[in-house]
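Chemist: Structure, please.
(2 chains)
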Amino acid sequence: MTDDVPRRVAVTSPRTTAVRRPPGRQALAALDEQDVVGELLIRSLVRAQLTLGLRLAAVFGCLLGGLPLLFAVAPGTRDTEVLGVALPWLVLGGLVYPALWGGGWLYVRLAERNERDFVELVERS
Amino acid sequence: MNTSFDVAAVAVVVVLTLGIGVYGLRLARTTSDFMVASRAVSPLWNASAIGGEYLSAASFLGVAGLVYAYGADMLWYPVGFVAGYLVLLLLVAAPLRRSGAYTVPDFAEARLGSAAVRRLASVLVVAIGWLYLVPQLQGAGLTLRATTGAPAWAGAVLVAVVVTVNVAGGGMRSATFVQAFQYWLKLTALSVPALFLLLAWQGDGAPDLAGPAGPVFRETTSVRLDGPVLVDVVERTVVVETDGRDRVLEPGPARLGPGTVVFPAGAEVPHVDRIERSTGDTWARPLSGAGGLEHPLYATYALVLATFLGTMGLPHVLVRFYTNPDGAAARRTTLVVLGLLGVFYLLPALYGALGRLYAPELLLTGRTDAVVLALPGALLGGVLGDLMEALLVAGAFAAFLSTSSGLLVSTAGVLVQDVLRGTVRDFRRATVVAAVVPLLLALAATSLPVSQVVGLAFAMAASTFCPLLVLGIWWRGLTPPGAAAGLVVGGGLSAAAVLSTLAGVADRGWPAALLAQPAAWTVPIAFAVMVGVSLATRSRVPAGVGRTMLRLHAPESLGLRR
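Modeler: This is a model prediction of the structure:
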């Protein structure tokens, strides 16, 4: 579970002779000092993460939250059989669990990507 | 049934729990070790521990019991128990870990800088913790009584003593080992008997689980009743009572017991008055109101809201997140938890469905939470049945012990931080206090289905800590007065609903439905009050909110000061 995403490693080359300043010092300082740039940076990260979380929550809210409504407005679906099992039992008793895990997996990937983008943005500036 | 197997199973689980606890105790050195295992537990360990702690009596026994009595709508309980973790992952897991706080009151103080909000949160942690502990202890009493015939108080006292010794002795470090072990024990204990039960059902010709008939006694069945029970008789039945004389039950209400009542094979099962009889196909259909549930559509949505949003607010769930090394690990841990829980929750519904065929007498006695324990004896029989029953008893005790110790660690942690000074010795004293109160409540209170009470604890958490955490993490505008008002209103309304449900104030119609499943109205009200009062007190937005937001959301790899 923890091994499938390799850790970020820094690959550096000793060939350069130029004196390099540590990457992202200014942006780091901006974040640390809470100045305008720092505010903007962190606000953009919070917005990206919130949008991602709410979007996935909305998808699952509609899919799962829609089920009782579907059963209510289309009573036929309560008795429909798929593969010999009643549809509500197949979905609520089985399929929903891998779907929830899949949603979680997708979120972890995307949230970590948001954070990587943020770190890169800070290091580049 | 063979009682000695069951007693041995309970003894083994208790000894293993205490043994692993002692092993952990050797590693626990400082107060920080006691509270959060020094924050160095790997995701798989931590996820197993979270699963072990989370799968309570409500999951191990209660879900099957509810499905058994009330049918397809109850499948939403386990779905909600898992989906709650997805919501937690999407909205709180990583920032909560990054907040660096030990408990919700710590979070409230770190985010809002208000001692008053902190105290309010502490009171709510203890209230929710106790509300959740009571059904665990009652479930233990029920299990011991159903399998060994011990008095109901014995199981509750046994569990309370074992977890108090264990938690006071080893704190969270040992709790982590114990919990992780207990997840795997619970999964094994529920899946192995399920396999044998399915094979036996196949061997029986795989009779229809959802046919057009109501539950019937498949063979001559002797039902033992400890006290008098009011039942509804469906068809004329001749039964044999304790004194050996025949009694004719005419359709309509009847009083049975105490004593033994023998029903002939093929007789319709009279149902205890609080559960309405339903045919198999009605029972299998969602929103049919099977078992006498009223307003099923409302109840379903309220339950969905309570479980989806309540999980993040449960005290014992939150504390676990502080044992992750960083925010990214907190996310991965949650993902593993989603997988572990999803596997487990495939099983309980199976027991509920098979129970209607092979253990219908519980619909008469009303002890529906015991359906999981009753099936091996009824369907397998012999030594295999005894062994499987013992395995289920072991799993059930693992459930009571693990959830109770998790709740005890978090309530005692809050008591020691906010009431006492916070040394190891105070933590031990607080643990005893935190265990005695729910034990007394469990012995005094009448017992409702365990999953229903647990559902009320979810509703209370969803109406208080969910808005506090979600708004605190994502909205800069949250103010201390806003948070306090939301906690008071959400907590007050949901507590009132819980108390009136426990007291049985309304038992029919809309009032009963609204009080039994309060989340659908208390959660929106709590959010609205928290946002509204915060907007009205804009000047009170904490000064350091920008820095707090940075700490909550910036990845650790940046290496900022924290």
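Chemist: Can you give me the neighbour number for the residue of chain A found nearest chain B?
Modeler: Using Cβ to the nearest Cβ, the single residue of chain A nearest to chain B is A:Y97, 3.2 Å away. For the C-beta atoms, the positions are set from N, CA and C on the backbone; glycine is no exception. Residues within reach of A:Y97, counting by other Cβ atoms under 10 Å in any protein chain shown, total 22.
Chemist: Just list the residues touching it, thanks.
Modeler: The contact partners of A:Y97, taken as Cβ atoms under 8 Å, 6 or more residues apart in numbering or on different chains, are B:V82, B:L341, B:G342, B:V343, B:Y345, B:L346.
Chemist: what's the closest of the residues you listed to chain A?
Modeler: Distances from chain A to the contacts of A:Y97, taken by Cβ to the nearest Cβ, are shortest for B:G342, at 3.2 Å.
Chemist: Does the closest one belong to a helix, a strand or coil?
Modeler: Classification of B:G342 by DSSP: H, G, I helix; E, B strand; the rest coil places it in helix.
Chemist: For the residue of chain A closest to chain B, what is the enclosing helix or strand?
Modeler: helix A:96-124 (DSSP states H and E).
Chemist: What residues sit buried inside that helix?
Modeler: A:96-97, A:99-101, A:103-104, A:107-108, A:110-112, A:114-115, A:118-119, A:122 (16 or more other Cβ atoms under 10 Å in any protein chain shown).
Chemist: Now do the contacts for the residue nearest to the spatial centre of chain B.
Modeler: Per Cα atoms, centre = their mean, the C-alpha nearest to the average position across chain B is that of B:A58, at 3.9 Å. Counting by Cβ under 8 Å, 6+ apart, B:A58 touches B:Y77, B:P135, B:G139, B:V450, B:S451, B:V453, B:V454, B:G455.
Chemist: what's the closest of those residues to chain A?
Modeler: B:Y77 (10.0 Å).
Chemist: Tell me, how many residues neighbour that closest one?
Modeler: 28.
Chemist: Give me the phi and psi angles of it.
Modeler: When read as degrees, to the nearest 10, the backbone of B:Y77 gives phi -60, psi -60.
Chemist: State the distance from the closest residue to it other than its chain neighbours to chain A.
Modeler: Distance criterion Cβ to Cβ, 6 or more residues apart in numbering or on different chains; nearest residue to B:Y77, sequence neighbours excluded, is B:V63 at 5.2 Å. As judged by Cβ to the nearest Cβ, to the nearest Å, B:V63 and chain A stand 11 Å apart.
Chemist: and B:V63, how many residues sit next to it?
Modeler: The burial count for B:V63: 27, using other Cβ under 10 Å.
Chemist: For residue 106, give me its contacts.
Modeler: Went with chain A since none was named. With contact set as Cβ under 8 Å, 6+ apart, A:L106 has these partners: A:L56.
Chemist: if you could check chain B rather than the one you did, that'd help
Modeler: Contacts for B:D106 (Cβ under 8 Å, 6+ apart) come out as B:S99, B:R118, B:Q417.
Chemist: ditto for B:F181
Modeler: So B:F181 contacts B:L16, B:I20, B:S48, B:G52 (Cβ under 8 Å, 6+ apart).
Chemist: Same list, the residues you listed, but only the ones touching chain A.
Modeler: Checking those against chain A by Cβ under 8 Å from any Cβ of the partner chain, not one of them is in range.
Chemist: which of those residues has the most neighbours?
Modeler: B:G52 (29 neighbours).
Chemist: I'd like the distance between it and chain A.
Modeler: 17 Å.
Chemist: Taking their axis directions, the helix of greatest length in chain A and helix A:96-124 sit at what angle?
Modeler: In chain A, assigned by DSSP state H, the helix with the most residues is helix A:36-73. If you take axes from the mean of the first three to the mean of the last three Cα atoms, to 10 degrees, helix A:36-73 sits at 170 degrees to helix A:96-124.
Chemist: How far does helix A:36-73 sit from its chain's centre?
Modeler: Here the centre of helix A:36-73 is set off from its chain's centre by 10 Å, with Cα atoms, centre = their mean, to the nearest Å.
Chemist: Then stretch B:242-251?
Modeler: That offset, for stretch B:242-251, works out to 39 Å (Cα atoms, centre = their mean).
Chemist: buried residues in it?
Modeler: B:L249.
Chemist: Quick check: B:L408 vs B:A152, distance?
Modeler: According to Cβ to Cβ, to the nearest Å, B:L408 and B:A152 sit 21 Å apart.
Chemist: Compare these two (neighbour count), which wins?
Modeler: B:L408 (26 against 18).
Chemist: Make sure the more buried one is actually in contact with B:V167.
Modeler: Yes - using Cβ atoms under 8 Å as the test, B:L408 is close enough to B:V167 to be in contact (4.7 Å).
Chemist: and B:A512, what pLDDT?
Modeler: Per-residue confidence at B:A512 stands at 83 (pLDDT).
Chemist: and what of B:A175?
Modeler: 61.
Chemist: One more: B:T30?
Modeler: The model reports B:T30 with a pLDDT of 49.
Chemist: Now do the contacts for residue 71.
Modeler: In the absence of a named chain, this looks at chain A. A:T77, A:R78, A:P88, B:P286, B:L287.
Chemist: That was the other one, I meant chain B.
Modeler: So B:G71 contacts B:S278, B:T282, B:W283, B:A284, B:R285, B:P286, B:S288, B:A290, B:G291 (Cβ under 8 Å, 6+ apart).
Chemist: Could you tell me the model confidence score at it?
Modeler: Reported pLDDT for B:G71: 89.
Chemist: and it, which of the three is it?
Modeler: Per three-state DSSP, B:G71 ends up helix.
Chemist: on that earlier part again, just the ones of the contacts of B:F181 in helices?
Modeler: B:L16, B:I20, B:S48, B:G52.
Chemist: does the third one really touch B:A180, like I thought?
Modeler: Yes - applying Cβ under 8 Å, one finds B:S48 in contact with B:A180, separated by 3.8 Å.
Chemist: Now look at stretch B:84-92 and say if it contacts chain A.
Modeler: Yes - using Cβ under 8 Å from any Cβ, we find that stretch B:84-92 touches chain A at B:Y85, B:L86, B:V87, B:L89, B:L90, B:L91.
Chemist: looking at this, B:L379 is in a strand?
Modeler: No - going by three-state DSSP, the assignment for B:L379 is helix, not a strand.
Chemist: give me the low-pLDDT residue ranges for the chain?
Modeler: Went with chain A since none was named. A:1-5, A:9-35, A:125 (pLDDT under 70).
Chemist: switch to chain B, that's the one I care about
Modeler: B:1-2, B:21-41, B:170-175, B:419-425, B:446-447, B:559-562.
Chemist: picking up where we left off before, quick one: the residues of stretch B:84-92 next to chain A as CSV, columns for distance to B:L303, neighbour count and secondary structure too.
Modeler: Listed next are the residues of stretch B:84-92 next to chain A as CSV, based on distance: Cβ to Cβ, whole Å; neighbours: other Cβ atoms under 10 Å in any protein chain shown; DSSP: H, G, I helix; E, B strand; the rest coil:
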residue, distance to B:L303, neighbour count, secondary structure
B:Y85, 16, 27, helix
B:L86, 16, 26, helix
B:V87, 14, 25, helix
B:L89, 20, 29, helix
B:L90, 20, 24, helix
B:L91, 20, 23, helix
